[in-house]
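# model this:
(one chain, ligands or ions: 1)
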Amino acid sequence: MAVSLASKPAPASTAEGEAMKFEIHPTDHPTSDKDRAAKLADPGFGRVFTDHMAIVRYTQGKGWHDARVESRANFPLDPALAVLHYAQEIFEGLKAYKRDDGGVNLFRPDANARRFQSSADRMAMAQLPESVFIDAVEQVVRIDRAWIPGGEGSLYLRPFMIASEVFLGVKPSAEYIFAVIASPVGSYFKGGPAPVSIWVSEHYTRAAVGGTGAVKCGGNYAASLRAQAEAIEHGCDQVVFLDAVERRYVEELGGMNVFFVFDDGSLLTPPLGTILPGITRDSIIQLARDAGKQVREEVYSIEQWRADAASGKLKEAFACGTAAVISPIGKVRSASGDFVINGGAAGPVAMGLRKQLVDIQYGRTNDPHNWIRKVL
Ligand SMILES: *Cc1c(COP(=O)(O)O)cnc(C)c1O
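Presented below is the predicted three-dimensional model:
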């Protein structure tokens, strides 16, 4: 079944800050309990989807309208749909976590909503009010609550926006579709996070000053895939990018930020600018500072990284993001040689921060910064 992209008659429209009401149309072909249980047994990442989606349309002059929660379905794609040609597309990623009391938490969805707005601004797309973003996410969580795995699993939510004007001219689209889909995911790592090996990309860069590095747009990922493939060819799990000007300073992985931990207990993470401002990154900075640790947001070169790993000054390195939370980095490989960190094992700072963050997300500990939003 396809969803009509045409506007429906006389819907409520909304400008920034106004409330918008979602029409709820539950699916008439829900997945059976038996089929859902089978899908939830080992969902992996991003392959299993729930029954519903939220969708809101935007038309220039009319604003946001037609907010609906309905059966997950195909979009009919006109071959001239703007997003297919000029890649005006942004997305977000966040999770719903089942608490032990059966309720459901979201983690800092307001931060995702604000980042979505800054992504839209950079990509010359329509601004979605923060309240509509959060409402759409919550509606999907509520209607598909049966799909939220227990234990260490979670429901991965993917809000996104595409340029939907049928026009080949190069200009910002006059029409957009915002949607939220949901995908149950198992624990990213079975039996605790295994340290990852990373490949230093010396040929490809991810982002330049003035570009889109700080924006969650699909185009950044398209441009990173060749470098990620090179990492795999070199036997590594992930690629790490260096800055585009000097080709020295560590930026981030393809989809995760990076932290370094030193022998004096301090942490360092690359400064914002050309990297994606991760919500996990921000939360880790806060938690580490709460614990009295010094956290510097400073440039760090690959030569320094290598030297500090060799001298023992560097104790740990880890990557972080919503999907995997924290992944220790055990080994770094580059054209100029390999080095290991902490003997290739996960370190106590990474693992401690990981537990602290996960405990907050699942509501197992107190939430000093009011990061949790209870949906159910
Ligand atoms: C989403 C993303 C991250 C991590 O951000 P979180 O908000 O922590 O999930 C890091 N780098 C890139 C390139 C990303 O797209």
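
# how about residue 278, nearest residue that isn't a chain neighbour?
Counting by Cβ to Cβ, 6 or more residues apart in numbering, residue 278 lies nearest to residue 257, which is 4.2 Å off, once chain neighbours are set aside. To be clear about C-beta, it is placed using only N, CA and C from the backbone, and glycine gets the same treatment.

# do you know how far that neighbour is from the ligand?
Residue 257 sits at a distance of 5 Å from the ligand (criterion: Cβ to the nearest ligand atom, to the nearest Å).

# what sits against that residue?
269-270, 275-276, 278, 280-281, 319-321 (Cβ atoms under 8 Å, 6 or more residues apart in numbering).

# let's see that with 7 Å instead.
Counting by Cβ atoms under 7 Å, 6 or more residues apart in numbering, residue 257 makes contact with 269, 275-276, 278, 280-281, 319-321.

# in stretch 205-219, what counts as buried?
205-207, 211-217, 219 (16 or more other Cβ atoms under 10 Å).

# and for stretch 130-146?
Across stretch 130-146, burial judged by 16+ other Cβ under 10 Å covers 130-141, 143-145.

# hey, C-alpha coordinates of the helix or strand that contains residue 360 in PDB?
Under the criterion of DSSP states H and E, residue 360 resides in helix 348-361. What follows is helix 348-361, C-alpha atoms only, in PDB (Å, rounded to 0.1, in the frame of the first residue of the first chain):
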ATOM      1  CA  PRO A 348      37.700   1.100  33.000                       C
ATOM      2  CA  VAL A 349      36.900   4.700  32.100                       C
ATOM      3  CA  ALA A 350      35.100   3.800  28.900                       C
ATOM      4  CA  MET A 351      33.200   0.900  30.600                       C
ATOM      5  CA  GLY A 352      32.300   3.000  33.700                       C
ATOM      6  CA  LEU A 353      30.900   5.900  31.600                       C
ATOM      7  CA  ARG A 354      29.100   3.400  29.500                       C
ATOM      8  CA  LYS A 355      27.400   1.800  32.400                       C
ATOM      9  CA  GLN A 356      26.500   5.100  33.900                       C
ATOM     10  CA  LEU A 357      24.900   6.300  30.700                       C
ATOM     11  CA  VAL A 358      23.000   3.100  30.000                       C
ATOM     12  CA  ASP A 359      21.700   3.000  33.600                       C
ATOM     13  CA  ILE A 360      20.300   6.500  33.100                       C
ATOM     14  CA  GLN A 361      18.800   5.600  29.800                       C
END
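
# quickly list what residue 95 is bridged to.
Beta bridges link residue 95 to residue 156 when assigned by DSSP bridges.

# hmm, back to that, and the residue nearest to residue 278, backbone torsions?
Main-chain torsions, residue 257, degrees, to the nearest 10: phi -80, psi 170.

# show me what it is bridged to.
residue 320.

# how far away is it from residue 362?
22 Å (Cβ to Cβ, to the nearest Å).

# what of residue 372?
Using Cβ to Cβ, residue 372 is found at 9 Å from residue 362.

# quickly list what's touching both of those two.
In contact with both residue 372 and residue 362: residue 105, using Cβ under 7 Å, 6+ apart.

# which stretches of the chain have low pLDDT?
Residues of the chain that meet the criterion pLDDT under 70 lie in 1-18, 189-191.
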